[in-house]
Structure formats: structure tokens, C-alpha cells
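A.B. asks: take a look and give me a structure for this.
(one chain, ligands or ions: 1)
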Amino acid sequence: MSGLTIWTYDWVPDGPRGFVRDLRLRWACEEAGLGYTVRTVAFKDRETNHLEQQPFGQIPFLGDGDLEIFESGAGLLHLARKSDKLMPRDPAGEADVLQWTIAALNSIEMVSVPWWFLKISGDKDNALAGWMGKRLDQLEKVLGEREWLAAGRFTVADLLMADVLRVPDVRAFGNRPASEAYVTRVTDRPAFKKARADQIDHFAAADRRRPA
Ligand SMILES: N[C@@H](CCC(=O)N[C@@H](CS)C(=O)NCC(=O)O)C(=O)O
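C.D. replies: As a prediction, this is how the structure comes out:
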């Protein structure tokens, strides 16, 4: 079998639509002009029904011919190898993109996701607020000095960082104009808009198939 397959859930509730992480892979494919098909695993019983593909029962995972890759970051880096639109080919540019891609996951999302979980669970004294604010302030300084994170142009590092930052609760946590402008700039890209619209349509179609 050949070709790219992006795996997501067959359905999710309204809340996460537009933010489910298959969007990262859709977006990267759209940026790179790579064709793909979307396939699904059932949201119901997700903890156990696809552990062979994703050991944590999550989505997304990416199929590429006989390869299967879980973790959205790993999928993005796999796609970036296929297109210099996502990552330059010179060693310095590639290293720059790699470090910022990992930073999005391991320095920003590493705190933003647990911070957000505490926030939505109603914790009034969110113990991660200080750490979260510090990281976002550090990033604000970087984004005040450059348009793109790495290699002087849009890359997969921006795709991932903007996807981490665009979560509404994260946006609302303090006033950081350079980060705000950055998220707007990156998510203004037609590839993002298409990926997002396609994901919304995918779950809306699933609503229509569900028994009333
Ligand atoms: N580190 C994983 C996180 C994946 C993740 O959190 N996926 C969510 C959807 S966006 C999920 O499957 N949630 C269901 C669950 O954890 O049970 C990645 O980036 O791929």
C-alpha cells in the first residue's frame, strides 16, 4: 500500500473540534501539497481499540505506505522530510527547525496542556500559572524579534508552535502582542484554514451519521 493516511477519531464532541491534533498533519500536508486520505478509529472504546497503532489510545497517527507513525510531532517531522516547504535542507536550517519543533512540544506544550487541564478542572489556584507565564513571556521576547521561529521563514516549527499557542485559554492568559500577531500570521495561512475546515466537516458528517 502506498500514500499518506491520517488517522483520527470517527467522531468527537463539539468542544475539541478544530483543535483535534490530526489537524497538525492535515495542515502540514496542505502546506507541502502532499495528498492524503483520512481514516478513522472509533472514539468509543478509544482507550483500547487501536493500541497497536497508538499505545496510548490517542490520535493522530500517520500511515505512509507500510510505515505507521504515532505522535503528532513525529508525524510532522516525517512529513517535513518530504518537503522543503516544511523544513529547509541545509544542515543549519534543519537544526534550527528541529530545535524549535521540539521546543513547541517539550518547552511550551509540556506546560500549556497540564496548565489548561488544571484550569478547566476549576482549580482556582493553578500551581502551573507561574511556569506557564514564564514560558510564554520568554517566547514573547523571541517573537518580538523575529517573524518566524526558525530558518528565517515559515516552517513546520511555526505550524506546531502556533497550534500549541492558538488554544483560546492560552491566548487569553496575559497580554503578549508579538505572540498574538504571530498566531494570527501563522493561522491566516490558507493551508491552516483548509485543514481546520476539513476537520470541522469531518466531524459534522459524523454527526449526521449518528442515530438521533
Ligand atoms: N502527544 C500526543 C497527544 C495526542 C492527543 O492528546 N490526542 C488527543 C486528541 S487531540 C486524544 O487522542 N485524546 C483522547 C485521549 O487521550 O483519550 C500527540 O501529539 O500525538
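A.B. asks: need phi/psi at the closest residue to the ligand within the chain.
C.D. replies: Nearest residue of the chain to the ligand, counting by CB to the nearest ligand atom: Gln58, 3.1 Å away. From N, CA and C alone the C-beta is placed, and that goes for glycine too. Listed backbone geometry of Gln58 is phi -100, psi 180, with angles given as degrees, to the nearest 10.
A.B. asks: how close does the spatially most central residue of the chain get to Glu109?
C.D. replies: Among the residues of the chain, the one closest to the centroid is Arg24, at 4.0 Å (CA atoms, centre = their mean). Note on Arg24: its distance to Glu109, by CB to CB, to the nearest Å, is 11 Å.
A.B. asks: and the residue nearest to the centre of the chain, that's in a strand?
C.D. replies: No - assigned with DSSP: H, G, I helix; E, B strand; the rest coil, Arg24 falls outside any strand and is helix.
A.B. asks: how about it: what's its closest non-neighbour residue?
C.D. replies: Among residues not flanking Arg24 along the chain, Ser72 sits closest, at 4.7 Å (CB to CB, 6 or more residues apart in numbering).
A.B. asks: give me the below-cutoff pLDDT ranges for this protein.
C.D. replies: Low-confidence segments of the chain, defined by pLDDT under 70: 1-2.
A.B. asks: check whether Pro16 sits in a helix, strand or coil.
C.D. replies: Strictly by three-state DSSP, Pro16 counts as coil.
A.B. asks: in CSV, could you pull the C-alpha coordinates for the longest helix seen in the chain?
C.D. replies: Looking across the chain with DSSP state H, the single longest helix is helix 190-209. Extracted as CSV, the C-alpha positions of helix 190-209 are listed here (Å, rounded to 0.1, in the frame of the first residue of the first chain):
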residue,chain,number,x,y,z
PRO,A,190,-4.7,29.1,3.6
ALA,A,191,-3.4,25.6,4.4
PHE,A,192,-4.4,26.0,8.1
LYS,A,193,-7.8,27.3,7.1
LYS,A,194,-8.4,24.3,4.8
ALA,A,195,-7.2,21.8,7.3
ARG,A,196,-9.4,23.3,10.0
ALA,A,197,-12.4,23.4,7.8
ASP,A,198,-11.9,19.9,6.7
GLN,A,199,-11.7,18.7,10.2
ILE,A,200,-14.9,20.5,11.2
ASP,A,201,-16.6,19.0,8.1
HIS,A,202,-15.3,15.5,9.0
PHE,A,203,-16.9,15.6,12.5
ALA,A,204,-20.1,17.3,11.2
ALA,A,205,-20.5,14.5,8.7
ALA,A,206,-20.1,12.1,11.6
ASP,A,207,-22.9,13.9,13.5
ARG,A,208,-25.2,13.4,10.5
ARG,A,209,-24.5,9.6,10.5
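A.B. asks: quick one: end-to-end distance for stretch 31-48.
C.D. replies: Its first and final residues considered, stretch 31-48 spans 33 Å by CA to CA, to the nearest Å.
A.B. asks: near the ligand, which residues of the protein show up?
C.D. replies: Val20, Arg21, Arg46, Gly57, Gln58, Ile59, Glu71, Ser72, Gly73 (CB under 6 Å from any ligand atom).
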